[in-house]
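Colleague: what follows is a predicted protein model with its sequence.
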Amino acid sequence: MQSLGVLGASTLDLLAFAPPGWGATLLRGLWNSVLIAVGAYGLGLGIGVAGAYGKLYGSPWVKDLLAIYTTLVRAVPELILILILYFAVTDAVNQMIMAFGGGRIEINGVVAGIAVLGVVQGAYSTEVLRGAILAVPAGQIEAARAMGMPAGLLARRITLPLMLSYAIPGLANLWLTVTKDTALLAVVGFAELTQATRQAASTTKAFFTFYAAAGVLYLILSIASTFLFSRAEKWARRGQRRTGD
Amino acid sequence: MPTPEETGAAAPLAIAVRDLRKSFGTHDVLKGVSLTAREGDVVAIIGGSGSGKSTMLRCINFLETPTAGSIEIGGEAVKMRADGTPSDRRQIEKLRQSLGMVFQSFNLWTHKTVLENLIEVPVHVLKTPKAEATARARKLLARVGLAEKEDAYPAFMSGGQQQRAAIARALCMEPRAMLFDEPTSALDPELVGEVLQVIRALADEGRTMILVTHEMKFAREVASHVIYLHNGVIEEEGPPDALFGAPKSDRLKQFLKSVS
Ligand SMILES: Nc1ncnc2c1ncn2[C@@H]1O[C@H](COP(=O)(O)OP(=O)(O)OP(=O)(O)O)[C@@H](O)[C@H]1O
Ligand SMILES: [Mg+2]
């Protein structure tokens, strides 16, 4: 009986690495998920730093453009954004290639996933980083200006390191969000962890076993990253007096 | 070599501010003030709260953009547009590197140790070799009595220690002149003395300084010239003994009575 398989020897068989076990498929899915999450997170941070500075110090039209971007992305459900961006971007790229006389191509799922989730992450990062930059004591930035530090160096050596301690809790949340958002890429048929799990489950009909296994993998990922982020926060707060934590 | 005082020749101009005006919106904070500091001068700026002392000081290194007037540092005129904004960003950066500013609230960088605070700009902006900057920083820390604190983070030091470190940080740039904006106003009374002692030593070694302060006794002792600012205008100025000993204007008389 399948429902008892959870506890029986067949569970181990199902999750074995060697075929007909699905362990390798699940781990490959996890690897893809992590890859996309890391890429999208990095892209999001890049957009976020630029976006935060643009929102704070940009010209009026830069500010308007960024306001539209962050408002739209944060208002529309991620799933819909992914469908729109994925199909729109794939289509646009193909149109362009065909316009130059090339044939239709299949877009690399990892790259598309990173691009799509990165654009979504960028909007949230922009807000987190903007708030963190505002939290940096103005006097410390002024001291650097008063010593003749050029703006780029000042951002890199003073403002950004100082704002990290304020940004890391928010950035940690964003990381957990993006690891879970990778599951949404299943809707476009990309073989990340959730998609791999779905495939395994529907082939073997051992739904509980595989979804539970996937859940455990997501949980491990989340616990490991929470640990790493708390280490990072401690480092970013070097030099600050502990305030009751 | 005889000093300029001995020969009777005037020392070269370090800072010259002429007819400086500054408004925030419709609020005219400085209504045409001038100031000259020759090498070795200690100019003290006194006045009531809101009289424009900080604004005047901050205009000198363009932390505030003047509305009108001219500023000359070491004989070099700052290039300004008609609306007072500096037109040469590089020139402003160079000028700021030659003016060591000390703030009321210290403003040390909290993510860096004391030593890292001191060598940050010399190493990364002025491109001083790290070993040289470190050696200079250690000497300065010893001078301000913080030799043991080079690896401490600012948040773990007293206000007096932080302010002395901030002074050392400004000195580590080897500035032409120092600008102090109420350097002891944020300190507990028992910590004021140790900071004033450091500033006095700088005055004694002939450093050019502009000092905004509420410490009247100290101003009288170290200043070579005192400016009394009231409502954005220089109400009275002169040598400290004349200003404090025999004030002419009623406002200054009243002000001195109110702070003593
Ligand atoms: N950034 C600003 N925007 C608007 N008004 C300002 C700004 N900075 C200063 N002011 C105003 O300019 C006036 C002079 O301020 P300033 O800080 O120069 O006074 P101060 O003489 O240094 O006073 P204090 O002894 O309290 O430090 C005040 O009325 C203040 O409110
Ligand atoms: Mg002031």
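Modeller: Received the coordinates, thanks. Ligands and ions are numbered 1, 2, ... in the order given.

Colleague: low pLDDT regions in the chain?
Modeller: In the absence of a named chain, this looks at chain A. Chain A contains residues with pLDDT under 70 at A:1-9, A:243-245.

Colleague: other chain: chain B
Modeller: In chain B, residues with pLDDT under 70: B:1-9.

Colleague: what segments of it are strands?
Modeller: Secondary structure of chain B (DSSP state E): strands at B:13-24, B:27-38, B:42-47, B:68-73, B:76-77, B:99-102, B:177-181, B:208-212, B:225-230, B:233-238.

Colleague: next, format those as CSV and append distance to chain A and mean neighbour count.
Modeller: All C-beta atoms are positioned from the backbone trio N, CA, C, and that covers glycine. Shown next, in CSV, are these (distance: least, CB to the nearest CB, whole Å; neighbours: other CB atoms under 10 Å in any protein chain shown):
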stretch, distance to chain A, mean neighbour count
strand B:13-24, 15, 18
strand B:27-38, 18, 18
strand B:42-47, 17, 26
strand B:68-73, 12, 18
strand B:76-77, 14, 12
strand B:99-102, 4, 26
strand B:177-181, 8, 23
strand B:208-212, 13, 25
strand B:225-230, 21, 22
strand B:233-238, 24, 18
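
Colleague: let's have those in a markdown table, adding distance to ligand 1.
Modeller: As requested, the strands of chain B are exported to a markdown table (distance: least, CB to the nearest ligand atom, whole Å):
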| stretch | distance to ligand 1 |
| --- | --- |
| strand B:13-24 | 3 |
| strand B:27-38 | 4 |
| strand B:42-47 | 6 |
| strand B:68-73 | 15 |
| strand B:76-77 | 24 |
| strand B:99-102 | 14 |
| strand B:177-181 | 7 |
| strand B:208-212 | 7 |
| strand B:225-230 | 7 |
| strand B:233-238 | 12 |
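
Colleague: make CSV out of the ones you listed and add distance to A:Glu127.
Modeller: Formatted as CSV, those follow (distance: least, CB to CB, whole Å):
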stretch, distance to A:Glu127
strand B:13-24, 30
strand B:27-38, 34
strand B:42-47, 42
strand B:68-73, 40
strand B:76-77, 44
strand B:99-102, 33
strand B:177-181, 34
strand B:208-212, 39
strand B:225-230, 43
strand B:233-238, 46
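
Colleague: so for A:Arg157, which of these sits nearest?
Modeller: Nearest of the strands of chain B to A:Arg157, taken as CB to CB: strand B:99-102 at 18.1 Å.

Colleague: so which elements touch the closest one?
Modeller: Strand B:99-102 sits against helix A:138-146, helix B:159-171, strand B:177-181, with contacts defined as 3 or more CB pairs under 8 Å, 6 or more residues apart in numbering or on different chains; DSSP states H and E.

Colleague: got the residues of chain B near chain A?
Modeller: Selection of chain B residues close to chain A by CB under 8 Å from any CB of the partner chain yields B:61, B:63, B:92-97, B:99, B:101, B:103, B:105-113, B:120-121, B:124-125, B:153-156, B:166, B:170, B:173.

Colleague: just the buried residues out of those, in ChimeraX syntax.
Modeller: To isolate the buried subset of the residues of chain B next to chain A in ChimeraX, counting by 16 or more other CB atoms under 10 Å in any protein chain shown, use the following:
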select /B:61,63,92,93,95,96,97,99,101,103,105,106,107,108,109,110,111,112,113,120,121,124,125,153,154,166,170,173
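
Colleague: from the residues of chain B next to chain A, which land in helices?
Modeller: Here DSSP state H is the test, and the residues of chain B next to chain A give B:92-97, B:120-121, B:124, B:166, B:170 as lying in helices.

Colleague: what is the burial count for the residue nearest to B:Ser185 when sequence neighbours are not counted?
Modeller: Leaving aside its sequence neighbours, B:Ser185 sits nearest to B:Gln104 (CB to CB, 6 or more residues apart in numbering or on different chains; 5.1 Å). Around B:Gln104 there are 17 other residues, counting by other CB atoms under 10 Å in any protein chain shown.

Colleague: tell me the contacts of B:Gln104?
Modeller: Applying CB atoms under 8 Å, 6 or more residues apart in numbering or on different chains to B:Gln104 gives the contacts B:181-183, B:185-186.

Colleague: can you rerun that using 6 Å?
Modeller: B:181-182, B:185-186 (CB atoms under 6 Å, 6 or more residues apart in numbering or on different chains).

Colleague: again, but for A:Gly118
Modeller: A:40, A:43-44.

Colleague: which element is it on?
Modeller: Per DSSP states H and E: A:Gly118 is located in helix A:109-135.

Colleague: give me the angle between that helix and helix A:138-146.
Modeller: In terms of direction (axes from the mean of the first three to the mean of the last three CA atoms, to 10 degrees), helix A:109-135 departs from helix A:138-146 by 100 degrees.

Colleague: and helix A:109-135, what's buried?
Modeller: A:109-110, A:112-130, A:132-133.

Colleague: deepest of the helices and strands packed on strand B:99-102, which one?
Modeller: helix B:159-171 (a mean of 25; mean count of other CB atoms under 10 Å in any protein chain shown).
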